[in-house]
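Participant: below: sequence and its predicted model.
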Amino acid sequence: MKEEIVSKVLEGDSRAIARMITLVENHSKEASSLMKEIHRYTGSAHIIGVTGVMGSGKSTLIAELTRLYRKNGKKVGIIAIDPTSPFSGGALLGDRVRMTELILDKEVFIRSMGTRGMLGGLAGAVYDVVEILDASGKDVILVETVGVGQAEVDIIKIADTTVVVIVPGLGDSVQTMKAGVMEIADIYVVNKADHPGIDQTVMEIENLVELSSNPNTPIIKTIAKTGEGVSDLLEAISQHQKYLETEGELEEKRKIRYEAELIEIIRNHLLDMIYDESIVKQRIDTIVDRILSKETDPYTAAEEILGRILK
């Protein structure tokens, strides 16, 4: 079965891709051996992270980007990380024409990933899903995260190009996102550019960019629902990709991703070892009771458990 799944994934078979992703998400025993087989076939896709506050139109923007990529003959993978993602039953489904066009295109693969089981940041399976889509021959992989918590900052660990989407009229959105998120952008998009306050929002971003480590960061105005400005965003992404390749920065980006993935795999293996250890299973309730009664503390208890596992 392993050889058949791998072979079909490499051929770009959507059912095989979905099957392998499910195995990875469910931590199936065969998942790691499948991932080992496909790694050598990865590294060709351009990975684009798209993050921003809820209501900024990220999903519509991604749909329009995908449409343009397909016009250019590019194969596209989309990963939506958000329990309320439009790709799994929200606003985007209301636009039947746009969504149907994506779903019916065999060269577009869409996967929604909930945030269940995530201890802040990106779900560990995201790294594997990106590799699966990469190995399947996708030229572009778009990863959408909602702009709250740690996930939108962690996107730089997986993306070659990070797009931060902002809209006018959501209160002081630039100031709200400034801590951590604004610094990760390779490209800023001010979507819903037909809304009041657009000039003020652009000016606020320009002021931030001037003080940043990269004062040349592009600021693109779009109206995703009509497609206006999306071709400019596509060009900005293309220019950033060329910059990464010519300046040797792409390799550095990949090193960051593989380091984060390696740490995630080690963490998951350690957790599996802890929960598979029958002695620990028997003792965990007792240890928790001791923490509750202040006989011990969480750090000492953790050291005790790890000591049993790693001795």
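Facilitator: Looks like it arrived, so ask away.
Participant: what does the residue lying closest to Lys225 once chain neighbours are set aside show for phi and psi?
Facilitator: Spatial nearest neighbour of Lys225, excluding adjacent residues (C-beta to C-beta, 6 or more residues apart in numbering): Thr60 at 5.8 Å. C-beta: built from backbone N, CA, C; applies to glycine. Note on Thr60: its backbone torsions stand at phi -70, psi -40 [degrees, to the nearest 10].
Participant: give me the number of residues near Thr60?
Facilitator: Number of residues near Thr60 (other C-beta atoms under 10 Å) recorded here: 23.
Participant: could you measure from it over to Arg19?
Facilitator: Distance, Thr60 to Arg19, by C-beta to C-beta, to the nearest Å: 29 Å.
Participant: do Ile48 as well
Facilitator: Ile48 is 25 Å from Arg19, by C-beta to C-beta.
Participant: also Val143?
Facilitator: Distance from Val143 to Arg19, by C-beta to C-beta: 21 Å.
Participant: domain assignment for the protein?
Facilitator: Annotated domains of the chain cover 41-247, 262-310 [automatic domain parsing].
Participant: quote the end-to-end distance of the longest one.
Facilitator: Separation of the first and last residues of domain 41-247 by C-alpha to C-alpha, to the nearest Å is 24 Å.
Participant: before we move on, the earlier item: who has more neighbours, Val143 and Arg19?
Facilitator: Legend: neighbour count by other C-beta under 10 Å for Val143 and Arg19, higher for Val143 (26 against 16).
Participant: just confirm the more buried one is within a helix.
Facilitator: No: counting by DSSP: H, G, I helix; E, B strand; the rest coil, Val143 is not part of a helix but strand.
Participant: that one touches His46, doesn't it?
Facilitator: No: contact criterion C-beta atoms under 8 Å: Val143 and His46 do not qualify, at 11.4 Å.
Participant: quick one: the helices in the stretch 1-150 of the chain, in order.
Facilitator: Along the stretch 1-150 of the chain, the segments classed as helices by DSSP state H, counting those that start in this stretch run 2-10, 14-25, 31-38, 58-71, 96-103, 125-135.
Participant: ok and the first one relative to helix 125-135, angle-wise?
Facilitator: Using axes from the mean of the first three to the mean of the last three C-alpha atoms, to 10 degrees, the inter-axis angle of helix 2-10 relative to helix 125-135 is 70 degrees.
Participant: now do helix 2-10: distance to the chain's middle.
Facilitator: Distance, stretch centre to chain centre, for helix 2-10: 24 Å (C-alpha atoms, centre = their mean, to the nearest Å).
Participant: can you list phi and psi of Asp105 for me?
Facilitator: Dihedral angles for Asp105 - degrees, to the nearest 10 - are phi -80, psi 120.
Participant: let me know whether it touches Arg70 as I believe.
Facilitator: Yes: if you go by C-beta under 8 Å, Asp105 and Arg70 touch, sitting 6.3 Å apart.
Participant: following the lowest-mean-pLDDT helix or strand in the chain, which helix or strand comes up?
Facilitator: Lowest on mean pLDDT, DSSP states H and E among the helices and strands of the chain sits helix 173-177, with a mean of 60. Toward the C-terminus, helix 173-177 is succeeded by strand 187-190 as the next helix or strand (DSSP states H and E).
Participant: helices or strands up against that next one?
Facilitator: For strand 187-190, the contact count by 3 or more C-beta pairs under 8 Å, 6 or more residues apart in numbering; DSSP states H and E identifies strand 161-166, helix 198-210, strand 219-221, helix 230-246 as packing neighbours.
Participant: mean confidence for that strand?
Facilitator: Averaged across strand 187-190, pLDDT comes to 94.
Participant: stretch 61-68 too?
Facilitator: Mean per-residue pLDDT for stretch 61-68: 95.
Participant: if we can go back for a sec, mind checking which of the helices of the stretch 1-150 of the chain is nearest Glu210?
Facilitator: The closest of those to Glu210 is helix 58-71. By C-beta to C-beta, the value is 25.0 Å.
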